[in-house]
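*Asks:* no FASTA, just this:
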């Protein structure tokens, strides 16, 4: 994928045999971020991360981004500078070039729309999971929700696990290298990114594939809860906490040997398997199976 | 350009030898539209028209759009229905498919970000104008500004010319067929769409090409001013009124014969020529030349 020289719009050349991936994600003051909690650097980082995570979930390589930014008359130069510093630093690290956008000054709060442009040879989709496929997730689940809880409580993050949770919330890392690895080696039969929480996103994947799933509570990689909260609380956060931006993917039994325990520093956990029944169940550590109801993530409205 | 099947994001296949054109345009309540003046159907139409006009200016064929919509809690179902009706009706007429987007409910007013995706074999650019090239514009200039003035005065548009102006403001027609004609036949050396008014956009084109221009006031196609305003007023509106979304393009002398008087119902006027001096001058009807100062269009703030 190459950048042409554009002026009224951006021009992009897609390599032969590849498809372009296009995604657009809104980040809105009061909905996706709160000025008193989220430093501008994190707002910029998170706005781009959301778009790049969609590209990672399709196994694509992110290349370009366009940023439409509506700022209020009260927005300071310092806020803007740090917003772009956060966005551009993530872009540089993942090889993404900013190629355009639009700006406006608005009567209301700040809103950002990021368009992510990537390319892929053979896209990973949500709909390819088949009964017997093994279910994997990357990273630890619920970390971002935990980080948000710390931010709201005014805790700055003293212990290593608190710092990890805060960082995961403010500076989530889209799993682009992992998505590319899975698609290039044809290892995954289906893939989705965890933006709304495991219970919701697993339901999306199962619905798209016309299958069910059985996952084991004891296998789900949980965040360390600070202050000694109970394991049950961590599990609930992992199932319903949003914005982890980890990958949830399925692998045919014959290809499981190709999945490493760790890919570029990110741990991969096998948490269950795809079933024929179209039901999604959680096998508790006491051996009882209960239905896993999607507990949709709703940003700040419910928290 | 073909549409793949996407889920986390949209997948697009670009035809061999073509480039993808990507553009993003914000339409914000209180900045780009006013709820008491602009019916939702027009808001949807205009939001898409802005993006498609950028693609037309590059000589491209629009194919896809992604719409990110932030609505307020007060936005009614009827408003939404009519917004999408306006947007989708323009999309259908120009062969554009809606392939994705994002939505959110926000504390402030409505904002829309439209991503336009087009394709082109050889893009028209702003920077190709050379001394001696002839300058053309499509349509009549200043119509949209006139339509806005009528809307603000509460006039519903009784005469044919009033109706024409209102229609031009509420439902501007991006000149995609004309842009494509110019690029496919390699007729234009440079092109830009008139979103900010002739004086501003001609200055953009000249700056990008490193040239100047001399245009003749008597040749500029003006809107009929209702209520018998003077010609001078019409000329001022044509020079500084925004949102006409007509094309301004330059044609090497040897290719002028290839430009018809009318293309698919849209009149084309030769209004001047490119000069070596890097100055932009207006030749008045009395024969005097005056510098043409860009009188930037500022949506509703200045009107």
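*Replies:* It's in. All of these numbers come straight from a predicted model, not from anything done at the bench. Numbers count the residues shown, from 1 in each chain, chains lettered A, B, ... in the order given.
*Asks:* contacting residues for the closest residue to chain B within chain A?
*Replies:* Proximity of chain A to chain B (C-beta to the nearest C-beta) peaks at residue A:108, 2.2 Å away. From N, CA and C alone the C-beta is placed, and that goes for glycine too. By C-beta atoms under 8 Å, 6 or more residues apart in numbering or on different chains, residue A:108 lies in contact with A:72, B:106, B:107, B:108, B:109, B:111.
*Asks:* which residue is the nearest non-sequential neighbour of the fifth one?
*Replies:* The shortest distance from residue B:109 to any residue other than its chain neighbours is 3.5 Å, reached at residue B:29 (C-beta to C-beta, 6 or more residues apart in numbering or on different chains).
*Asks:* where's the one you found relative to residue B:89, distance?
*Replies:* Residue B:29 sits at a distance of 21 Å from residue B:89 (criterion: C-beta to C-beta, to the nearest Å).
*Asks:* neighbour count winner among those two?
*Replies:* The neighbour count for residue B:29 versus residue B:89, taken as other C-beta atoms under 10 Å in any protein chain shown, is higher for residue B:29 (22 against 14).
*Asks:* pop out the phi and psi values for the more buried one.
*Replies:* Residue B:29 adopts backbone torsions of phi -60, psi 130, taken as degrees, to the nearest 10.
*Asks:* chain B contacts on the stretch 101-250 of chain A?
*Replies:* For the stretch 101-250 of chain A, the contact set with chain B under C-beta under 8 Å from any C-beta of the partner chain comprises A:101-109, A:111, A:113, A:115-118, A:120, A:123, A:125-127, A:192-193, A:208.
*Asks:* can you rerun that using 7 Å?
*Replies:* Counting by C-beta under 7 Å from any C-beta of the partner chain, the stretch 101-250 of chain A comes close to chain B at A:101-102, A:104, A:106-109, A:111, A:113, A:115, A:117, A:123, A:125-126, A:192-193, A:208.
*Asks:* tally up the residues packed near residue A:177, please.
*Replies:* Residue A:177 has 16 neighbours, counted by other C-beta under 10 Å.
*Asks:* tell me who's in contact with it.
*Replies:* Contact analysis of residue A:177 by C-beta atoms under 7 Å, 6 or more residues apart in numbering or on different chains lists residue A:264.
*Asks:* again, but for residue A:115
*Replies:* Contacts for residue A:115 (C-beta under 7 Å, 6+ apart) come out as A:22, A:24, A:51, A:65, A:66, B:24, B:115.
*Asks:* let's verify it: helix, strand, or coil?
*Replies:* Assigned with DSSP: H, G, I helix; E, B strand; the rest coil, residue A:115 falls in the strand class.
*Asks:* from residue B:149, how far out is it?
*Replies:* Plainly put, residue A:115 is 34 Å away from residue B:149 if you go by C-beta to C-beta.
*Asks:* give me the buried entries from the residues of the stretch 101-250 of chain A next to chain B.
*Replies:* The neighbour-count criterion (16 or more other C-beta atoms under 10 Å in any protein chain shown) marks A:101-102, A:104, A:106, A:108-109, A:111, A:113, A:115, A:117, A:123, A:125-126, A:192-193, A:208 among these as buried.
*Asks:* where's the dip in pLDDT among those residues?
*Replies:* Lowest pLDDT within those is found at residue A:108 (82).
*Asks:* domain ranges for chain A?
*Replies:* Structural domains annotated on chain A: A:2-120, A:134-291, as defined by automatic domain parsing.
*Asks:* contacts for the helix or strand containing residue A:208, please.
*Replies:* According to DSSP states H and E, residue A:208 maps onto helix A:198-209. Outside helix A:198-209, the residues that touch it by C-beta under 7 Å, 6+ apart are A:126-129, A:141, A:190, A:192, A:194-195, A:212-213, A:238-240, A:248, A:280, A:292-297, B:7.
*Asks:* where does pLDDT dip in the stretch 101-250 of chain A?
*Replies:* Low-confidence segments of the stretch 101-250 of chain A, defined by pLDDT under 70, are located at A:225-230.
*Asks:* show me where it has helices.
*Replies:* In the stretch 101-250 of chain A, the segments counted as helices under DSSP state H, counting those that start in this stretch are A:143-153, A:160-170, A:176-184, A:198-209, A:231-240.
*Asks:* can I get the ones you listed in a markdown table with distance to residue A:42?
*Replies:* Below are those laid out as a markdown table (distance: least, C-beta to C-beta, whole Å):
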| stretch | distance to residue A:42 |
| --- | --- |
| helix A:143-153 | 10 |
| helix A:160-170 | 4 |
| helix A:176-184 | 19 |
| helix A:198-209 | 23 |
| helix A:231-240 | 20 |
